[in-house]
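Trainee: here's my sequence, what's the structure:
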Amino acid sequence: MNTGNNKNQFFLESMFDDTEIAFATKTDSELERAYFLFKMIKNEPLVRIGTAITNFALKAHMPVEHLIRASVFDHFCGGVTEEDCMLTIDKMFGKKVHAVLDYSVEGKETEEQFDYAMNKTLKILDFVKEKQSIPFAVFKPTGFGRFEIYQKITENRTLSEAEQKEWKTIEERYDTVCKKAFENDVPLLIDAEESWMQIAADALIERMMEKYNKNKAIVYSTLQMYRWDRLDYLKDLHKRAAEKGYYIGMKIVRGAYMEKERERATEKGYKSPICETKQVTDENYDAAVIYMMENEKMAIFAGTHNEESSLKLIELADKYNIKKDDIRMWFGQLFGMSDHISYNLAARGYNVAKYLPFGPVRDVMPYLIRRAEENTSVAGQTSRELKLLKTERRRRKLTK
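Mentor: This next block holds a predicted model:
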């Protein structure tokens, strides 16, 4: 029996239970708000009803923005503007947790709105250039172009002349932003979306990697590992990158569109792209992380709220002699969630960044509704948050 290894494993597992570190940036009132929100989110029927009422109120232009701002928005978002977010960012960075400013406006459809999203990303790249607390920028593929165009290319359908022109404009938006990221030396995370548009996005992102990742990873793609085909895609991408001589930057996540993916597969009569069970998804996620850690010229942003996956990445870093603060290895969580992972890892010297959504309250609501719905569908996630919040509430009462 290797007693030393067992002790080390126990230490690693127990470090996520330190609620004093996890919630050090939260005031008592913020802690109470978090507890209340997760109690609400745990109740699935209540989330459905609340979502319906919120959608109705927003569409009817009822004055509910102040209520939303004071509750769910301020818990999961940094503010309305980049400048709004700085108080939160500085507070996090005081505990060595970085931020990724995420302009989380979804569902826009016009060229003016796509140009606005591009210019917003360019502004963020300049805004964060000299800020150690904000090491990445990020954008979403459908922030830069219509979903239907990506879908048409993914399905290998012919584009009309107008659509070809539209796609060329999307390509130019990508290149403009990736070039700025390269010039500013700020890594750029590009999110993944639904499977029936992702092939077009993947191909475009690969071209950006080939162009701007010659010396290190600047452009990062995203793999949703609840898809059973993504590990094979990563291995194929690695072969292409090795042949053409560029680095791979990859954010690894489990995924965010599971119910929608399964429903569409059933409706259209094709095999679901989603792994059959949560366990298979977990194994797929870990396999992708192992593959990246085993190979050179790769940089990983491990987006996970899973404690076991975080521990496995720590063990892999030890195995391959990768330093805790190596810029090729980051842990990432969403703001307002899994603080016990983020702050405890950061306190031990690991690179950690929180995705910090921001934007007009009304425009960010689709993102927030998706967050609430995802939390109800992830077994144990909300219960774990509540247990930790309870522990910290109790600890604070005893120390007063």
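
Trainee: against His340, how distant is the closest residue to Thr391 other than its chain neighbours?
Mentor: Once flanking residues are discounted, Thr391 sits nearest to Thr19: 4.9 Å by CB to CB, 6 or more residues apart in numbering. Yep, even glycine has a C-beta here, placed from its N, CA and C like the rest. Thr19 sits 7 Å away from His340, going by CB to CB, to the nearest Å.

Trainee: who touches both of those two?
Mentor: Jointly contacting Thr19 and His340 under the rule CB atoms under 8 Å, 6 or more residues apart in numbering are Leu388.

Trainee: mind checking how far the closest residue to Asp28 other than its chain neighbours is from Leu37?
Mentor: Distances taken as CB to CB, 6+ apart put Arg396 closest to Asp28, at 6.7 Å, once the chain neighbours are dropped. Separation of Arg396 from Leu37 (CB to CB): 18 Å.

Trainee: the more surrounded of these two?
Mentor: Leu37 (21 against 15; other CB atoms under 10 Å).

Trainee: contact partners for that one?
Mentor: By CB under 8 Å, 6+ apart, the neighbours of Leu37 are Ser71, Val72, His75.

Trainee: from Ser71, how far off is the closest residue to the second one other than its chain neighbours?
Mentor: Read that as Val72. Nearest residue to Val72, sequence neighbours excluded (CB to CB, 6+ apart): Leu368, at 5.6 Å. Per CB to CB, Leu368 is found 10 Å from Ser71.

Trainee: measure stretch 138-150 end to end?
Mentor: 19 Å (CA to CA, to the nearest Å).

Trainee: actually stretch 73-86, not the one I wrote
Mentor: For stretch 73-86, the end-to-end distance is 16 Å (CA to CA).

Trainee: also stretch 149-165?
Mentor: Terminal residues of stretch 149-165 lie 11 Å apart, using CA to CA.

Trainee: relative to the whole chain's centre, how far out is it?
Mentor: 28 Å (CA atoms, centre = their mean, to the nearest Å).

Trainee: with stretch 82-101 instead?
Mentor: Going by CA atoms, centre = their mean, where stretch 82-101 is centred and where its chain is centred differ by 16 Å.

Trainee: now it: buried residues?
Mentor: 82, 85-86, 88-89, 92-93, 95-101 (16 or more other CB atoms under 10 Å).

Trainee: which parts of the stretch 151-300 of the chain are strands?
Mentor: According to DSSP state E, counting those that start in this stretch, the stretch 151-300 of the chain carries its strands in the segments 188-190, 219-224, 248-253, 298-303.

Trainee: identify the residues contacting Ser133.
Mentor: Ile89, Asp90, Met92, Phe93, His98, Ala99.

Trainee: farthest pair in these?
Mentor: Pairwise distances across the contacts of Ser133 (CB to CB) peak at 11.4 Å, for the pair Asp90 and His98.

Trainee: quick check: buried residues in stretch 285-304?
Mentor: 285-286, 288-289, 291-293, 298-304.

Trainee: no no, stretch 158-171
Mentor: Here stretch 158-171 shows Glu163, Glu166, Trp167, Thr169, Ile170 as buried, counting by 16+ other CB under 10 Å.

Trainee: which SS state does the closest residue in space to the last one that isn't next to it in sequence fall under?
Mentor: Setting aside the residues directly before and after it, Ile170 is nearest to Gly145 in space (CB to CB, 6+ apart), at 3.6 Å. Reducing the assignment to helix, strand or coil with DSSP: H, G, I helix; E, B strand; the rest coil, the entry for Gly145 is coil.

Trainee: can you count the residues close to Gly145?
Mentor: Counted with other CB under 10 Å, Gly145 comes out at 25.

Trainee: can you give me the separation between it and Met365?
Mentor: From Gly145 to Met365 the distance is 22 Å (CB to CB).

Trainee: again, but for Asn213
Mentor: Note on Asn213: its distance to Met365, by CB to CB, is 35 Å.

Trainee: then Glu392?
Mentor: According to CB to CB, Glu392 and Met365 sit 29 Å apart.

Trainee: what does Thr281 give?
Mentor: Distance from Thr281 to Met365, by CB to CB: 28 Å.

Trainee: quick one: which of those two has more around it?
Mentor: A direct count of neighbours by other CB under 10 Å for Thr281 and Met365 places Met365 higher, at 25 against 20.

Trainee: ok so, going back, might one say that the residue nearest to Val72 is in contact with Cys77?
Mentor: Yes. When contacts are counted by CB atoms under 8 Å, Leu368 is listed as touching Cys77 (7.4 Å).

Trainee: on that earlier part again, do I have it right that the residue nearest to Ile170 meets Glu172?
Mentor: No. If you go by CB under 8 Å, Gly145 and Glu172 don't touch, sitting 10.3 Å apart.

Trainee: quick check: mean pLDDT across the helix ranked longest in the chain?
Mentor: As assigned by DSSP state H, the longest helix anywhere in the chain is helix 161-184. In this model, helix 161-184 carries a mean pLDDT of 98.

Trainee: what does stretch 95-109 give?
Mentor: Averaging pLDDT along stretch 95-109 gives 88.

Trainee: now stretch 132-144
Mentor: Mean per-residue pLDDT for stretch 132-144: 95.

Trainee: and the pLDDT at the residue nearest to Val72?
Mentor: Note for Leu368: predicted pLDDT of 77.

Trainee: and if you look at Ser71?
Mentor: Note for Ser71: predicted pLDDT of 73.

Trainee: look up how far Phe36 lies from it.
Mentor: Distance from Ser71 to Phe36, by CB to CB: 8 Å.

Trainee: skip the chain neighbours and tell me the closest residue to Glu111.
Mentor: Using CB to CB, 6+ apart, the closest residue to Glu111 is Thr169 (7.3 Å).

Trainee: I'd say that neighbour and Glu112 touch.
Mentor: No. Using CB under 8 Å, Thr169 is not in contact with Glu112; the gap is 12.0 Å.

Trainee: dump the contacts of Ser133 to TSV, plus secondary structure.
Mentor: TSV is the format used below for the contacts of Ser133 (three-state DSSP):
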residue	secondary structure
Ile89	helix
Asp90	helix
Met92	helix
Phe93	helix
His98	strand
Ala99	strand
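
Trainee: return the member of those nearest to Lys244.
Mentor: Taking CB to CB as the measure, Lys244 lies nearest His98 of those, at 30.5 Å.
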